[in-house]
Each structure stands twice: as structure tokens, then as C-alpha cells.
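In: Give me a 3D structure for the following:
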Amino acid sequence: MCGWFEVNKEELHVTKNAIDKKRNALFLQIHLYIYSDFNSLITCLTKHIMSIQKKRLLFCLIVVFGITSAAAQSQPDSTTQKIDALFKWWDSPGSPGFVVGIVRNDSLIFAKGYGMANLEYNIPITPETIFHMASVSKQFTAFSIVLLARQGKLNLDDDIRKYLPWFPDLKVKITIRNLLNHTSGIRDQWQLLAIAGTRLDDVITRDQIIKILGKQQALNFKPNDEYSYSNSGFTLLGEIVRAVSGKSLRQFTDSAIFKPLGMKNTHFHDDYTEIVPNRSYSYDRKDAKHFANSTLSYSVVGATSLFTNVDDMSKWVTNFYNQKVGDQKDIEQLTQHGKLNNGKDIDYALGISVDDYKGYKMYSHNGADAGYRTMVSVFPELKMGFIIFSNLGDTNPFGKANQLSALFIKDRSPKSATPKPAVADSASAIFNDTLAIKKFMGSYIADDGTRYGFTLKNKKLYLQESGKSSQLVKGIKDTLVMLYWPVMKIVFTAKTSKEIIVNEYDPYNNRRLVKYNADAKQTDEVLRTYTGTYYCPELDCNYRIVLKDHHLILTNNKYNDTPLTLYGDNHLTDGFWWMDNLLILRNAKNQITGFEVNSGRIRHLLFKKENRD
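Out: Sure thing, here's the model as predicted:
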């Protein structure tokens, strides 16, 4: 638009005077035609300003296009009020908040900020405010890979070590597609960093993550056997873009995606010290009226760190159904469901989820880093999209996106009688042979820390988990099933009188649990056998277990101490989110040799007990 303003001050003054003479009639006509056909508006303008010189006409058109643009974004008052009501709690000068964008066809029909981008300088959130996207970034990394595949520079089924020879040879093939679908089995980088002693509010760089991934000695599972969200995979994808294109992910996306789409305020933020005008800041809530800074100092991209605003993101949304970058085949590739080794489809595609909402296909992803919370959803059949960004950690853009889309999208799902939930035969609920089953009652724990309790009451069997109770009934042969969810199957096995296990089978988990004595009281002499220094060779870090006031404590130089709780002989839990479940390892003499971390997105991470204590 600045290119049109090629007039000096004197010419501008003359132009303004000429326009002022016809202002009343002209703007009245503009008002009358503002919601009419655009061609009619241009006809009106031509009639009134035929006598104005070319440069004056350009000036007038600038004014008119500004007005029509504002009109294009307007919504009926009732709809605007409903949208405002969804975010009114945060719409105050003392609170972080949201920015909201609604896309229809190729236009941003609604864009508005609620709350503050910066509390210290009282800067409000506007549609131009820049936000950190967190995991919404992943779809841009994935699309970069899709574009390179279309150019024949890589294949999604290539082994990642073809491009990343520094990644350890773990004797299994990990493909680019595995990284894109979160089926690689590679442990998550944020949890690895935290275990190693790097806090998530520390400065985190690309080099740090490459070093830590380059030392991995095992996977969580065989590639493509399971789905497990891994940020590590998308950092590695960014490195593959660099290896194949010769450009950093920031440079590649800028030239291949952002510039062609006109996303002038978007970039992958690969230097945490870089100044970004008009950016929002990140906050956590302390109480109802007070907030604290939530520090984010990432210099790593791929899994995260895209910076953008609502206007730019609307252009990306439009590209899903009106392609300016790539074509429909590329979008189909991006949104193709992943498939596991067992043939089961997963909802996750390539850096984006593909679901059904009210009978319409929906592409979406949310994100969370520090106090940033983000959500983008696209409905290609409706040519609509919903964009919600927040700079406050306790907000829920995912839920808000559902509320927002409900104002615009009517449910076209097939109308049918609500199916009754599957229920097992309640006649199988009575266990008359209570002596036979009584030995199986008690507390059980799995390697991942899941704990179940089994109780018998009035000849009925119940499973307890996290304070909830579910009745079990007899299934086929020795199998037990949940009364109201019979797809979950339980099988008890008594290997010896002291070793009793439970195998759980359901559509989401196959889990093995062992029985332990929940009432056992451990003496200081027994607890002292767990104390010592435990070292992780993969991460080059150590933790100590110490005995203090008859309790085991987990301690590390970087973190505050946390108490340990012992379940049975071989399971310890603690208050660190990054390693809250530890499986004790023993040798043939029953001596403790170390422990495994089985927590969240980390499995079988070995810590060896050192003998120096």
C-alpha cells in the first residue's frame, strides 16, 4: 500500500481539498453500498471522481479499500457479542489474554484481542500481536518435508540416518515418516533435558538437543509399533531440512512458505536474543488477580518456536483449501493418517491431527510452551478456520476453539439413536468361590507406575484406580472384563505364592502389573539398601537417594529435594514430573544395581548404581 502513496505534501494537500468538496455525497454513497456488490461500489466511485487526477484516485481508493476491509471483517452484533462473551474474563487491563481469528473462504472475517500482551508496559493484545506457537509449529516443519519430497530430494520412508549420520545406530530403521507420525520410539527431548538438569526456563539451544539425542542408546519401543508424542522427532526433521536443502529451517520456510503466502510477520525463532517488535510475553497465574512471568528462552526450532500473528496464520489456513504453496496432493500427503505396524490407523498425520467434528473433516493442532497456549483448526469442506492464541498458562484454547466453532458450524452428523454403551452380562458378576479369588485381591503396580487395587465385596469384584471403582465380571475362560467397558480384559496369574501378576488388555494398552504389599513397613536397614549415587551414561548426570528421618529422598544439585515413596520392593515414585516413576533393578543376588526411568515419554532410561557409597 505504501507504494501507492507517491505524492509530495503539496500534491497531497490539493488532493485532500478536491476530495473534501465531494466528501459528503461520496461517503454517503459508500455507506449505502458498503454491504452491496463490490462492482457496484466501484461504479459509484467512478461516477463521483472521474474529474480527479490519477494520483488523487489512488488516494481515494486507499480510503475505500480500508473501509471495505473493515466491513469484510464485521459480524452481526449478536455473533460478536457471543464471541466477546467467551473471552470476557480475560478482557481487562490487568490480565494476559487471547487473540481470536476466524477465517472464511480467503478472508479473515473476525480478528480481535482480549487482555494484555505485556503487563509491565500495559500493551494490549491486538490482531497484529506476535505469539509463540509452540507445537502448532510442527505442521510447518512437516510441510517443508512434504515440499522436499515432492521435489524428489527425499522420500518419507528413507532411514533418517541417511541424512543424519550423527544419530546413533540403534540397529533398527527409523524413517522420516516415523518422525512425522510420532511413531519413532525416540525419547522426548524436553524430558531428557530435564532429567539431565536443564530446566525448561533455561536457555535451550539446537546444539544442546543434538548432543543429547546423539547419545541415545535405546528407544522407547520398536519404530511404528506405537504412537508416542515426541518433540525430538520434529527437531530432527528440522535438521533433515537443513541437510537436504542446505538452508536452516528458518531460511527454508521463509523462502518456500512464508514469502509466497505473504506471511510477512512470521518466522522460526532460532535465536532467543533476537528482538521481535510487537511480540506478546508469557505469563502464569499466581492467584485470581496476580500473574508471574513465564520465561521462554528457546533457540531451537522444528518442534516449536514459530512466531506469527492472526493475520499471517489466516493465510496459512486458507492454503489448506486454496493452495498458493504446494498443491492439493501436498495437502493430502500432509493430512494422511499414520498407520502402525499392526495396521491400525492413528489420528495423527504429518505434524497435524485429522479428526471429524460435527460431520466435517477437521485439521488441527494445539500447542503449549511456558505460558503460551495455541490452537488452530481448519475445516476444508467449509473453507473455514479458527485461530486462538493465548499468553496465559492456565487457559484452554482447545476448549475455546470448540465453543467458537459451535457458533458457526451446524452439526451434520448422521442422526441416529444414541447407541447404548457396551455392557457385559451382569449375571457373571457373582463370584461364589471367594476363596479361589481372594488370593488375587490386593495392590498391583506396572513398570510405568500405573497402580490398580482389586477388592471383593458382597461376592462382587472391583478394580480401583485413582479413587475410581469399576466392577469386573467373568469373561471367557479365566478372563475378567469390566462390566461397563468389556473391551478391557484382566487376566490373573499366580506364578508362585509370592509372585502374582495381572495382565491388562484393552484397545489402548497392554500392561503387566505385579502384586505388592501396600501395608508393608520398611525398616531403616531395608531402606538404606536403596541409598547411593545413580549415574546415567546417556545423559552424563547423576541423582542420589538418601535416607532422612526414616524416609527416602531423591536429590540432585540442580533441583530441590523430593520425597520417594516405595511400592513393594522395586517401585519408587517421586515429585519430579520428568522422572516420577523409577523401577529398581537387581542382580541374581537380589542386590540393587540401578533403576530405570519409566515416566511419561521416557521408558527404560538406565541409571547405574555406583559403588563409591
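In: So Phe386: helix, strand or coil?
Out: Look at Phe386: counting by DSSP: H, G, I helix; E, B strand; the rest coil, its state is strand.
In: what's the answer for Lys112, then?
Out: Classified using three-state DSSP, Lys112 is strand.
In: which residues does it bridge with?
Out: Beta-bridge pairing for Lys112 (DSSP bridges): Val100.
In: So what's the residue count around it?
Out: 20 (other Cβ atoms under 10 Å). In short, each C-beta sits where N, CA and C put it, glycine included.
In: ok, now Gln217?
Out: Around Gln217 there are 11 residues (other Cβ under 10 Å).
In: so what pLDDT did it get?
Out: pLDDT for Gln217: 96.
In: need the contact list for it.
Out: By Cβ atoms under 8 Å, 6 or more residues apart in numbering, the contact set of Gln217 is 168, 170, 537-538, 606.
In: Ala117 now?
Out: Per Cβ under 8 Å, 6+ apart, neighbours of Ala117: 96, 123-126, 129, 278-281, 391.
In: circling back: give me the buried entries from the contacts of Gln217.
Out: For those, a neighbour count by 16 or more other Cβ atoms under 10 Å gives the buried set as 538, 606.
In: quick check, nearest of the contacts of Gln217 to Thr308?
Out: Pro168 (34.2 Å; Cβ to Cβ).
In: isn't there a helix covering that closest one?
Out: No: checked against three-state DSSP, Pro168 lies outside a helix; its state is coil.
In: I'd assumed Lys211 was in contact with it.
Out: No: judged on Cβ atoms under 8 Å, Pro168 makes no contact with Lys211 at a distance of 12.0 Å.
In: which strand of the protein spans the most residues?
Out: strand 360-369 (DSSP state E).
In: Could you list every helix and strand in contact with that one?
Out: Judged by 3 or more Cβ pairs under 8 Å, 6 or more residues apart in numbering; DSSP states H and E, strand 360-369 is in contact with strand 353-357, strand 372-379, helix 397-406.
In: Which of those sits closest to Val491?
Out: For Val491, the closest of those is strand 353-357, at 33.0 Å, according to Cβ to Cβ.
In: which one of the helices and strands packed on strand 360-369 is the most hemmed in?
Out: Each of the helices and strands packed on strand 360-369 was scored by mean neighbour count; the highest is strand 372-379, a mean of 26, by mean count of other Cβ atoms under 10 Å.
In: what would the helices and strands packed on strand 360-369 look like in a markdown table with mean pLDDT and distance to Lys215?
Out: Output for the helices and strands packed on strand 360-369, formatted as a markdown table (pLDDT from 0 to 100; distance: least, Cβ to Cβ, whole Å):
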| stretch | mean pLDDT | distance to Lys215 |
| --- | --- | --- |
| strand 353-357 | 96 | 31 |
| strand 372-379 | 98 | 29 |
| helix 397-406 | 96 | 35 |
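In: In a markdown table: those, plus distance to Ile490.
Out: Below are those laid out as a markdown table (distance: least, Cβ to Cβ, whole Å):
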| stretch | distance to Ile490 |
| --- | --- |
| strand 353-357 | 30 |
| strand 372-379 | 37 |
| helix 397-406 | 33 |
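In: Out of these, which is closest to Lys589?
Out: With Cβ to Cβ as the criterion, Lys589 lies closest to strand 353-357 of these, at 49.3 Å.
In: tell me the angle of the closest one relative to helix 397-406?
Out: Relative orientation of strand 353-357 versus helix 397-406 (axes from the mean of the first three to the mean of the last three Cα atoms, to 10 degrees): 40 degrees.
In: need the helix or strand of the chain with the lowest average pLDDT.
Out: Least confident helix or strand, the chain: helix 23-33 with a mean of 34, by mean pLDDT, DSSP states H and E.
In: pLDDT of stretch 484-493, averaged?
Out: Averaged over stretch 484-493, pLDDT sits at 91.
In: quick one: contacts of that stretch?
Out: Against stretch 484-493 from outside (Cβ under 8 Å, 6+ apart): 421-424, 440, 463, 470-472, 475, 478-482, 500-507.
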